[in-house]
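Student: Structure, please.
(chains A and B, ligands or ions: 2)
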Amino acid sequence: MTSAIVVSGLHKSYGSTHALDGLDLEVATGEVHGFLGPNGAGKSTTIRVLLGLLRGDAGDVSLLGGDPWHDAAKLHRRLAYVPGDVNLWPNLTGGEVIDLLGRLRGGLDEKKRDDLLRRFDLDPTKKGRTYSKGNRQKVALVAALASNVELLILDEPTSGLDPLMEEVFRQVIEEDRREDRTVLLSSHILSEVEALCDRVSIIRRGKVVETGTLSDLRHLTRTSIHAELAASPNGLAQLPGVHDLDVEGNRVRCEVDTAQLDAVMRQLSASGIKSLVAQPPTLEELFLRHYEDDVPAESEAAVR
Amino acid sequence: MNDFVGTGTLVRLALRRDRLLIPIWIVVFVISAAGSAKASIDLYSDQNALVQAARTSNASPALVSLYGRIFDESSLGEVSLFKLTAFGALLVGLLAGMLVVRHTRTEEESGRLELLSAGVLGRYAALTAALIVSAGTVIVLGLLTALALMGSGLDTKGSFAFGLMWAGAGLAFAGVGAVTAQVTESARAANGLTAVVLGVAYVLRAIGDSSADGSTQWVSWLSPIGWSQQVRAYAGDRFVVLLIPLVFLVVLIAAATALIRRRDLGAGLVPPRPGPPRAAASLRSPLALAWRLHRGSFYAWGFAFLLLGLLVGNIASNVDGFVTSDSAKEMVQKLGGVEGITDAFLATEMGVMGLLASAFGIQAALRLRSEETALRAEPLLATDVTRSRWLGSHVLMALLGTGVLILVAGLGSGISSGASLGNMGRQVPRMLGAAAVQLPAIWLVTALVVVLFGFAPKLVTGGWALYGVFLLIGQFGEIFNLPQWMINLSPYGHTPRLPGGDFSVTPVLWLTAIAAALTLAGFATFRRRDIG
Ligand SMILES: Nc1ncnc2c1ncn2[C@@H]1O[C@H](COP(=O)(O)OP(=O)(O)OP(=O)(O)O)[C@@H](O)[C@H]1O
Ligand SMILES: [Mg+2]
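Tutor: Numbering: from 1, shown residues only, chains lettered A, B, ... in the order given. Ligands and ions are numbered 1, 2, ... in the order given. Here you go, the predicted model:
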């Protein structure tokens, strides 16, 4: 499998802010890759380096097999970008902007353009300054999605869309995936990531802290267990991966690292399971863990 | 009273944002006034020379229509400052109007005001705050000017009349800015409209002042700049005339608040019309986009330059008809005869056009930075467009635009002076040449913005500061006895004085070469820097 994007050890500082601190990222050709992280984690910065708008201080970046800084314009023919903040020229209409950006990229798919305008319910005759935030975003989305490019780089493309339009966006990306297009999708909307992405990378403070398929990541989360046993349990506290253990007579509640589930279940069944409720991990939990501040994370590490 | 909630906060915010801009402008005005006063006081040590100079000026229709009439030919203060009366009032008006637009429509357009309005902000808060800041600025400017003029030795009453008539013009145009900011949807258009009103006001007073038999003198009274002249500082000090701009301001504020009540936040008075759903086939390159973005302001400037050119040429050709007194005839003879004096006037005015055209160049080049910070450059640079192509598109607009503008002014003045002097065939090429020699200096100043944009984008508005320094050096360098090397810093000082003067190709080549080098340096540094 080839990679559309390979980033390794990327550093980028703005003055004293170290925005990227040794970032590694790999996006395989043909996949939809989610890019998640709290505000200010460095998602937009990474994307700007990928587009050759910023120059990394150190590290290697390869985009569609080229160097985005040196071959910027050449590579840009093969990709389309939707920025996080879309500003339009006040006196150009949305339709004009879509055509202009499409032509500068080397051409638009006319059928797709019409189809997308209809599906996104966008009026192309309005002037840039009169669009709402969501509609500005739609202009940028139509301009990008109506081109037949290999790679889509989308920086929080749905941040201004209403739920109906977000659903349209999902369908369109779903169709693009079938056409083997590669998508890098930065987003804060977990359901969107869950619905669309083959793999995700979670960035935090300029570093990718987790990367993998969603089921890989689920593995890293905890399953919560409520059990009623025949006898009071023993040895549970000593097992690795057991957290927040609360034993009341024969009742047990605890959180278990998903990877350690098997050992814990053996231990429980040794005491005879009468009833069991196991709650699968939610993605929210995983993300929230990474989105949280360093403070709890560090104290947790200290306890271990 | 809820309509005004938050005004204080906005005033503080505005003062914080403009903590450099406002003091710099005030200092420029104060220095200009005090400098002119000092220079003239040194020059006219003898009363006869003073009266002589005043009569010559009043006898020249060119000077009268450009600067206005001297009411009291024996007043040291008035003769010293008459060139800054109407012209200074124009500039103070520009400052005041732009300050109001900057803190109302610009904010609204960028959406920042929406952010504020979501909190607790009365609907008149932004306008009130902008008016307070603008009015406060021109009043302080007027008072400090008065003090500086007293300091240079002029009488107290006249000095206050002078300072306050400047402030009066500022107040009137603060009101104009308040209205234009409501009428249009973009700050650019609001500023443009304010500038048009200023231009009209200046022309009205020129008509009134040039009235030979006094029959059209009343036209001056239609112009806020005319009101400032009619205060007659150092020549009667009619403070009561200042009531007119005050009443004018109150009326315009009432109009602006009525407009605010009738419109939505972010909207203008004129409802937006839908545009084409598809781009024209020609809109397919950064250059086509740049033309689209610059053309509105270019057409407006072009029209103004054509009018200015025609006007200046026409004035210049009238010189001899008005030189009637013997002493004036003698003076004209000393200056090289009628042709000499006509040429001298035209050369001076061409220099002024060069300064004005530079302002277009600076503003056009600054568009690069505003496109970048508004994040509109990013989506373009994420397409097949290289950085040089994008940069080049706007630089070309700035350089070609200034070129066309100055040639249009040259053509206009050539045609009108040629037509009335009866030697069109000679005058048109002469004036086109006089216009063309202005270009290297204009390009150099524009190129300074380009190099700043590449090298230190955050300091790019420093282009205006450099421009201001060059202006001050040109106007006052010699008056203040600045060392020659400093005077030489201003590119405008190296432009040959045409028509009539000596043409030497060396400074023209040097200016062009430096402009080219700066532009190339701008391209080289922009290719290497981060966008954003
Ligand atoms: N032009 C800039 N100058 C200085 N610091 C910057 C600049 N751009 C970004 N930063 C800083 O770099 C860090 C990363 O910012 P970035 O925009 O990449 O975050 P992000 O992950 O996209 O956040 P968000 O989810 O809010 O979009 C932040 O600390 C931000 O403050
Ligand atoms: Mg971002």
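
Student: distance of residue B:146 from chain A?
Tutor: 42 Å (CB to the nearest CB, to the nearest Å). Heads up, the C-betas are built off the backbone N, CA and C, glycines and all.

Student: repeat for residue B:58
Tutor: 47 Å.

Student: Contact partners for that residue?
Tutor: Contacts here follow CB atoms under 8 Å, 6 or more residues apart in numbering or on different chains; on that basis residue B:58 touches B:64, B:69, B:70, B:73.

Student: Ok, residue A:96 next?
Tutor: B:275, B:276, B:278, B:279, B:280, B:283.

Student: repeat for residue B:285
Tutor: Contacts for residue B:285 (CB under 8 Å, 6+ apart) come out as A:104, B:389, B:393.

Student: rewinding a little: check the contacts of residue A:96 against chain A, which are close?
Tutor: Filtering those for neighbours of chain A using CB under 8 Å from any CB of the partner chain leaves B:275, B:276, B:278, B:279, B:280, B:283.

Student: Turn those residues into CSV, including neighbour count and pLDDT.
Tutor: Formatted as CSV, the ones next to chain A among the contacts of residue A:96 follow (neighbours: other CB atoms under 10 Å in any protein chain shown; pLDDT from 0 to 100):
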residue, neighbour count, pLDDT
B:275, 17, 89
B:276, 14, 93
B:278, 14, 94
B:279, 23, 93
B:280, 12, 93
B:283, 19, 94
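
Student: correct me, but residue B:146 touches residue B:165?
Tutor: No: the criterion here is CB atoms under 8 Å, and residue B:146 misses it with residue B:165 at 10.1 Å.

Student: who's more crowded, those two?
Tutor: residue B:165 (31 against 25; other CB atoms under 10 Å in any protein chain shown).

Student: can I assume the more buried one is in contact with residue B:225?
Tutor: No: contact between residue B:165 and residue B:225 fails when scored by CB under 8 Å: they sit 9.8 Å apart.

Student: Report the set of residues contacting both of the two.
Tutor: Here residue B:165 and residue B:225 have residue B:89 as joint contacts, going by CB under 8 Å, 6+ apart.

Student: Show me what the helix ranked longest in chain B is packed up against.
Tutor: Scanning chain B for the helix with the most residues, using DSSP state H, yields helix B:337-373. Contact here means 3 or more CB pairs under 8 Å, 6 or more residues apart in numbering or on different chains; DSSP states H and E; on that basis helix B:337-373 packs against helix B:286-317, helix B:319-322, helix B:326-334, helix B:377-381, helix B:387-421, helix B:424-436, helix B:439-455, helix B:462-476.

Student: redo that, cut-off 6 Å
Tutor: With contacts taken as 3 or more CB pairs under 6 Å, 6 or more residues apart in numbering or on different chains; DSSP states H and E, helix B:337-373 sits against helix B:286-317, helix B:319-322, helix B:387-421, helix B:439-455.

Student: most tightly surrounded among the ones you listed?
Tutor: helix B:439-455 (a mean of 26; mean count of other CB atoms under 10 Å in any protein chain shown).

Student: Can you list the helices and strands that that helix packs against?
Tutor: Helix B:439-455 packs on helix B:337-373, helix B:387-421, helix B:462-476, helix B:505-528, going by 3+ CB pairs under 6 Å, 6+ apart.
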